[in-house]
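Enquirer: coordinates only, sequence not included:
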C-alpha cells in the first residue's frame, strides 16, 4: 500500500498532467503510451530515483488506469513518492523488456497504436528492437514529444520550485565568488559554490557546477581540476540549483586584479546581449527572435565570433546528464515556436576566447503574461577581485 509521504505535488496536479497528455495522445491517434524518459516519468508520477540507469517504464493507456514497471529494488520509491497505485516489478534475474511485453499482452494491445519515446536516452536500441519485434500486429509510433510539449508550460507549483532552485544557484554564485583569490584553487571555489547551493536546499543537480579559471575558462563545460588561481585570471562560474528535480542556473564571471579594457568591453557587450534577450521575451514572440536580439547585440559589439551557440533553452525537470530541457525547446536562430506564459528558460550568452578565457553571464527567466521576469538576481556585472 502506498503512503505517498514524499509526494511533492498534489494528486490533483498529477491527474491534470495525465489529462493533458491524454489529450495529446488523442491528437496523435494513440491508444497507449510507453514513457521511458526519467523526467517525463517523474512529471507524470512523482517517482524519482538515481536508479534510472536500469530499465523503467510508465504505461499510460488512453482510457484505463496507468501503471509503473520498475526494478523490484525501486518499489519503495513508488510507494513513497508516487500517486500511481498499479505497478509491476521485475527481479534482477528477469528480462525487463520481456516483462514489459507480457504486461502489454495482458492489456490487450493487439491491433492498437502504441506511442514510444524513440528519442529517450534510456530506451536502448536493443530494448526497442526486442519490444517491437514481439508484436507483429501493433503499430508502434514515435511519441517523443507527447509529454515534452505538455511540460513546456510550468504550473504555479512548478514555478515555485524553480524560484527556490534559483535562490540555491544564487547562493552558490555568491559563496563561490567570495572564495576567489590568487593562490586558491578551482577546487576551493567549487567547494564554496557547492556549499552555498546545498545550504540553500539544493539536491544533486543534473550537471555539476562549472568552475574554471584562466585559459581553461574558455573551454565549453569545463569544471574544476585543481588549477591554482593567479593574478590576472578570469574565473568563470555557472552554478545550478535543484529543488525537487526542478532546476535554475546562473552564470557569472570574475577577474582577479584590474581587467584589461577589452575584457571590460566584452563583459559589457555580453551583458547587453543578455539584457536585450530578456527585454525581447513576451508572449507571442518567436523563440528565434530572442536569439536574434542577443546575437545581434553581441555581433554589433564586435564579438560575434566568440558566441556561436544558442542563446538559451527551456529549464525545469532534470536528471543527469543534463540540467536543461533544450531538447524540448531552445532559443536559437530560426526557431518559430511562440513563447507562452509559464515557460522558463536559462539564457547563458558568453564570449569564449580559446587560449585566453571565457566571459559569460546568464539568468533563469520566466515568461509572464506581459513580458519576462529574471528570477535569478545576483548582480549582473564583471566581478573584480582586488
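Expert: The structure has been received and is ready for your questions. Predicted model only: the values in this text are computed from it and were never measured.
Enquirer: and the gap between the nearest residue to residue 333 once chain neighbours are set aside and residue 69?
Expert: Of all residues not flanking residue 333 in the chain, residue 291 sits nearest, at 5.1 Å (CB to CB, 6 or more residues apart in numbering). All C-beta atoms are positioned from the backbone trio N, CA, C, and that covers glycine. As for residue 291, its distance to residue 69 is 40 Å (criterion: CB to CB, to the nearest Å).
Enquirer: out of those two, which sits in the more crowded spot?
Expert: residue 291 (24 against 20; other CB atoms under 10 Å).
Enquirer: Report the beta-bridge partners for the residue most central in space within the chain.
Expert: For the chain, the residue lying nearest the average C-alpha position, counting by CA atoms, centre = their mean, turns out to be residue 324 (2.2 Å). The residues listed as beta-bridge partners of residue 324 by DSSP bridges are residue 315.
Enquirer: Surely it touches residue 310?
Expert: No - the pair formed by residue 324 and residue 310 falls short of the contact definition of CB atoms under 8 Å, at 10.2 Å.
Enquirer: remind me, longest helix of the chain?
Expert: Of all segments of type helix in the chain, defined using DSSP state H, the longest is helix 156-178.
Enquirer: Would you mark the buried spots in that helix?
Expert: In terms of neighbour count (16 or more other CB atoms under 10 Å), helix 156-178 has its buried residues at 158-159, 161-177.
Enquirer: just stretch 261-281 next, same as before
Expert: Residues of stretch 261-281 classed as buried: 263, 266-267, 269-278, 280-281 (neighbour count, 16+ other CB under 10 Å).
Enquirer: do stretch 49-58 as well
Expert: 49, 52, 55-58.
Enquirer: Just these: which are in helices?
Expert: When DSSP H is applied, the buried residues of stretch 49-58 are split such that none fall in helices.
Enquirer: which outside residues touch stretch 159-172?
Expert: 8, 154, 193-194, 196-202, 209, 237, 239-244, 246-250, 315-316, 342, 344, 364, 366, 375-378 (CB atoms under 8 Å, 6 or more residues apart in numbering).
Enquirer: my bad, should have said stretch 119-127
Expert: So stretch 119-127 is in contact with 36-38, 52-53, 55-56, 97, 116-117, 142, 144, 321, 327, going by CB under 8 Å, 6+ apart.
Enquirer: Which member of these is positioned nearest residue 225?
Expert: Checking those against residue 225 with CB to CB, the nearest one is residue 321 at 18.6 Å.
Enquirer: Enumerate every residue touching the residue nearest to the centre of the chain.
Expert: With contacts defined as CB under 8 Å, 6+ apart, residue 324 is in contact with 206, 247, 313-315, 318, 346.
Enquirer: So what's the residue count around residue 125?
Expert: For residue 125, the count of nearby residues is 8 (other CB under 10 Å).
Enquirer: right, and residue 187 touches residue 223 too?
Expert: No - using CB under 8 Å as the test, residue 187 is too far from residue 223 to be in contact (10.2 Å).
Enquirer: which residues in the stretch 151-300 of the chain form strands?
Expert: 210-213, 234-243, 246-256 (DSSP state E, counting those that start in this stretch).
Enquirer: between these, which one is nearest to residue 103?
Expert: Of the strands of the stretch 151-300 of the chain, the one closest to residue 103 (CB to CB) turns out to be strand 246-256, at 30.5 Å.
Enquirer: Tell me the pLDDT of the closest residue to residue 318 other than its chain neighbours.
Expert: Here the nearest residue to residue 318 in space, its sequence neighbours aside, is residue 206; by CB to CB, 6+ apart that works out to 3.5 Å. At residue 206, the predicted lDDT confidence score is 98.
Enquirer: Show me what counts as buried in stretch 216-234.
Expert: Taking 16+ other CB under 10 Å as the basis for neighbour counts, the residues of stretch 216-234 that come out buried are 216-218, 222-224, 227, 229, 233-234.
Enquirer: measure the residue nearest to residue 318 to residue 157 for me?
Expert: Plainly put, residue 206 is 20 Å away from residue 157 if you go by CB to CB.
Enquirer: Also residue 88?
Expert: Taking CB to CB as the criterion, residue 88 is separated from residue 157 by 29 Å.
Enquirer: cool, residue 318 as well?
Expert: 17 Å.
Enquirer: cool, residue 42 as well?
Expert: As it turns out, when the distance is counted by CB to CB, residue 42 lies 14 Å from residue 157.
Enquirer: hmm, back to that, now do the longest helix of the chain against strand 234-243, angle only.
Expert: Put simply, helix 156-178 runs at 150 degrees to strand 234-243, going by axes from the mean of the first three to the mean of the last three CA atoms, to 10 degrees.
Enquirer: Could you work out the end-to-end span of stretch 349-365 for me?
Expert: In terms of CA to CA, to the nearest Å, the two terminal residues of stretch 349-365 are separated by 14 Å.
Enquirer: about what we covered before: run through the residues that contact the residue nearest to residue 333.
Expert: With contacts defined as CB under 8 Å, 6+ apart, residue 291 is in contact with 277, 310-312, 331-333, 335.
Enquirer: ok, and what's touching stretch 56-64?
Expert: Outside of stretch 56-64, the residues that reach it under the criterion CB under 8 Å, 6+ apart are 18, 21-22, 25-26, 30-36, 38, 40-41, 44-45, 47, 66-71, 74, 84, 96, 100, 103-104, 107, 122.
Enquirer: pLDDT of that stretch, averaged?
Expert: pLDDT averaged over stretch 56-64 equals 97, rounded to a whole number.
Enquirer: Also stretch 347-358?
Expert: Stretch 347-358 carries an average pLDDT of 97.
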